[in-house]
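K.L.:
everything below, folded, please.
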Amino acid sequence: MLEKIFKLKQNNTTVKTEVIAGITTFMTMAYILAVNPSILADAGMDSTAVLLATAIASFIGTACMALMANMPFALSAGMGLNAYLAYTVVLGMGYSWQIALLAVFVEGLIFIALSLTNVREAIFNAIPLTLKRGVSVGIGLFIAFIGLQNAGLAVDSSTLVTITSFTENFKTHGICALLAIIGFLFIAALHIRGVKGSILIGIVVTWLIGIGCQLVGLYTPDVEAGFYSLIPSSIISFDFSKLGETFGQCFNVDWKAIRIIDFIVVIFAFLFVDLFDTLGTLIGVATKANMLDENGRLPRVKPALLADAIGTSAGAVLGTSTVTTFVESASGVSVGGRTGLTAMVTGILFLLSTLFAPLFTTIPSFATAPALIMVGFLMVSSVTEIRFDDDNLTEAIPAYIAIIAMPLFYSISEGISLGIISYVVLNVCTGKAKKVSPLMYVLAALFILKYIFL
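P.N.:
Now for the predicted structure:
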């Protein structure tokens, strides 16, 4: 049965190899179960509900990837898009998280329609390979910056951002920042030694060190300041009632309070960010896993994008931000995963993780932040594949612009839009207009119009 569904022999793999690859993928991306509730809680959402929604949506999206595309990619709430929902749409633009989820649901439906056509696939294939690699690097820096903020290491200052003071409020801010540094170095050491699941292990060890600090008095919980007890009150729970706080809430909005023009702008913003964030992440995964062909195209990208769109809409109904392909899927590929069976194993493990909601929601941000910084490193490593010689400058400079724009402008979509605009302009100005695909001209024009009217 598994052979018929996943074509194991055709892909030169076995059930054992695929199962090991699926477990490996889950171990390297399970941190999202601790990170996503932490981020969306800042938007006013219940962290336990978000965790349950994230785990179930991850199963749905990953199962769709397995059965529809037969690819070893796992999906979960995308890093970057969850930050966009919490910090830009809710905290920045002032919308409720319910309306933000409704916008995610609607754009998911639109993407389902687009994925049934060739629009998203055409956009994926139109972006030059060098720019794709630059997008992967830029996303890495963006995620790392979020990690530095969550760790309390990067703070506001007269220079816009600076390193925190470790001695001021040491038993709260200072010790957390220090533990985040220790956690990152520990994860890095495990990664260098080739330990599978190094990110998840690092999160747990950093958390345990934090518990030790609390027990000896180096860490003092301060609920009003946002520093909670690090010791979980329970480990396993069969109570899924918390999911009701977010399930279907994307439809439980004050429709009269929705200003149609503003809502369309929000949907467009999610459409824009999700489209290029998803493409960027999928590019990053495929690049790291060496799955792009010689023309920089990804086989079976159409059903993969459809699985992503279905996961997004399902996730919005459940109560989580946009579901997308995870770059950590490359870890499963690296140990031999080649088919959807790898993804299916990962999805089942996400479903089982709902039983451990009390444990995951107790994990502090200083323990998950090192994971983000490390994921950033893994994505930034693609920069070595960008050619910076004189013959390739019309592609390298746009890639560079995309790289620096994402973290500095705190937006993945801005990095991609500026990268595409600069790519078109530079090639036209240097007499290389013929190498630019017609779709890239269309995208550049749309991005310029966005800056003018939005």
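
K.L.:
confirm residue 381 sits in a strand?
P.N.:
No: with DSSP: H, G, I helix; E, B strand; the rest coil as the criterion, residue 381 is located in helix rather than a strand.

K.L.:
run a quick neighbour tally on it.
P.N.:
Residue 381 is surrounded by 13 other residues when neighbours are defined as other CB atoms under 10 Å. To be clear about C-beta, it is placed using only N, CA and C from the backbone, and glycine gets the same treatment.

K.L.:
again with the one 4 residues further on
P.N.:
When neighbours are counted by other CB under 10 Å, residue 385 registers 14.

K.L.:
I'd like the next helix or strand past the helix or strand that contains residue 263.
P.N.:
In this assignment (DSSP states H and E), residue 263 forms part of helix 260-288. Beyond helix 260-288 on the C-terminal side, the first helix or strand identified by DSSP H and E is helix 301-318.

K.L.:
list the buried residues for that following helix?
P.N.:
Judged by neighbour count (16 or more other CB atoms under 10 Å), helix 301-318 contains these buried residues: 301-318.

K.L.:
now do it: which elements does it pack against?
P.N.:
In this structure, helix 301-318 makes packing contacts with helix 47-64, strand 75-77, helix 97-116, helix 119-126, helix 260-288, strand 323-325, judged by 3 or more CB pairs under 8 Å, 6 or more residues apart in numbering; DSSP states H and E.

K.L.:
centre of the chain versus that helix, how much separation?
P.N.:
Computed by CA atoms, centre = their mean, to the nearest Å, the separation of helix 301-318 from the middle of its chain amounts to 14 Å.

K.L.:
for it, list the C-alpha coordinates in PDB.
P.N.:
Provided in PDB are the C-alpha atoms of helix 301-318 (Å, rounded to 0.1, in the frame of the first residue of the first chain):
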ATOM      1  CA  VAL A 301       5.600  22.600  -7.500                       C
ATOM      2  CA  LYS A 302       2.000  23.100  -8.400                       C
ATOM      3  CA  PRO A 303       0.500  20.500  -6.000                       C
ATOM      4  CA  ALA A 304       3.000  21.600  -3.400                       C
ATOM      5  CA  LEU A 305       1.700  25.100  -3.600                       C
ATOM      6  CA  LEU A 306      -1.900  23.800  -3.400                       C
ATOM      7  CA  ALA A 307      -1.100  21.900  -0.200                       C
ATOM      8  CA  ASP A 308       0.400  25.100   1.200                       C
ATOM      9  CA  ALA A 309      -2.800  27.000   0.400                       C
ATOM     10  CA  ILE A 310      -5.100  24.300   1.900                       C
ATOM     11  CA  GLY A 311      -3.000  24.400   5.000                       C
ATOM     12  CA  THR A 312      -3.300  28.100   5.300                       C
ATOM     13  CA  SER A 313      -7.100  28.200   5.100                       C
ATOM     14  CA  ALA A 314      -7.400  25.200   7.500                       C
ATOM     15  CA  GLY A 315      -4.900  26.900   9.900                       C
ATOM     16  CA  ALA A 316      -6.900  30.100   9.900                       C
ATOM     17  CA  VAL A 317     -10.100  28.300  10.900                       C
ATOM     18  CA  LEU A 318      -8.300  26.400  13.600                       C
END
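
K.L.:
in this structure, which helix or strand is least confident?
P.N.:
Averaged element by element with mean pLDDT, DSSP states H and E, the chain has its least confident helix or strand at helix 260-288 (a mean of 70).

K.L.:
re earlier: deepest of the helices and strands packed on helix 301-318, which one?
P.N.:
strand 75-77 (a mean of 33; mean count of other CB atoms under 10 Å).

K.L.:
other residues contacting the helix or strand just after it?
P.N.:
Taking DSSP H and E as the definition, the helix or strand that follows strand 75-77 towards the C-terminus is helix 81-83. Among residues not part of helix 81-83, those counted as contacts by CB atoms under 8 Å, 6 or more residues apart in numbering are 36, 39, 40, 146, 273, 274, 277, 320, 321, 322, 324, 412.

K.L.:
give me the mean pLDDT for helix 81-83.
P.N.:
For helix 81-83, mean pLDDT rounds to 82.

K.L.:
burial check on the residue lying closest to residue 387 once chain neighbours are set aside, number of neighbours?
P.N.:
The spatially closest residue to residue 387, leaving aside those adjacent along the chain, is residue 396, at 6.3 Å (CB to CB, 6 or more residues apart in numbering). By the other CB under 10 Å criterion, the neighbourhood of residue 396 contains 20 residues.

K.L.:
contacting residues around residue 396?
P.N.:
Residues near residue 396 by CB under 8 Å, 6+ apart: 130, 386, 387, 388, 389.

K.L.:
that one in helix, strand or coil?
P.N.:
Each residue gets one of three states, and residue 396 gets helix by three-state DSSP.

K.L.:
what does the pLDDT read for it?
P.N.:
Residue 396 carries a pLDDT score of 94 in this model.

K.L.:
over to residue 334?
P.N.:
Note on residue 334: pLDDT of 67.

K.L.:
does residue 441 lie in a helix or a strand, and which?
P.N.:
In the assignment (DSSP H and E), residue 441 maps to helix 438-453.

K.L.:
tell me how far that helix is from the chain's mean position?
P.N.:
Going by CA atoms, centre = their mean, where helix 438-453 is centred and where its chain is centred differ by 25 Å.

K.L.:
avg pLDDT for it?
P.N.:
The predicted model assigns helix 438-453 a mean pLDDT of 87.

K.L.:
now that helix: buried residues?
P.N.:
Within helix 438-453, the residues scored as buried using 16+ other CB under 10 Å are 440, 443, 444, 447.

K.L.:
distance to residue 202 added to those residues, as JSON lines?
P.N.:
Putting the buried residues of helix 438-453 into JSON lines (distance: CB to CB, whole Å) gives the following:
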{"residue": "440", "distance to residue 202": "40"}
{"residue": "443", "distance to residue 202": "39"}
{"residue": "444", "distance to residue 202": "41"}
{"residue": "447", "distance to residue 202": "38"}
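
K.L.:
report the distance from stretch 299-307 to the chain centre.
P.N.:
Stretch 299-307 has its average C-alpha position 18 Å from the chain's average C-alpha position, going by CA atoms, centre = their mean.

K.L.:
repeat that for stretch 304-320.
P.N.:
Relative to its chain's centre, stretch 304-320 lies at 13 Å (CA atoms, centre = their mean).

K.L.:
go on, stretch 240-253?
P.N.:
Averaged over its C-alpha atoms, stretch 240-253 has a centre that lies 22 Å from its chain's centre (CA atoms, centre = their mean).

K.L.:
who's in contact with that stretch?
P.N.:
For stretch 240-253, using CB under 8 Å, 6+ apart, the contacting residues are 45-46, 48-50, 52-53, 56, 96-99, 101-102, 104-105, 316-320, 354, 357.
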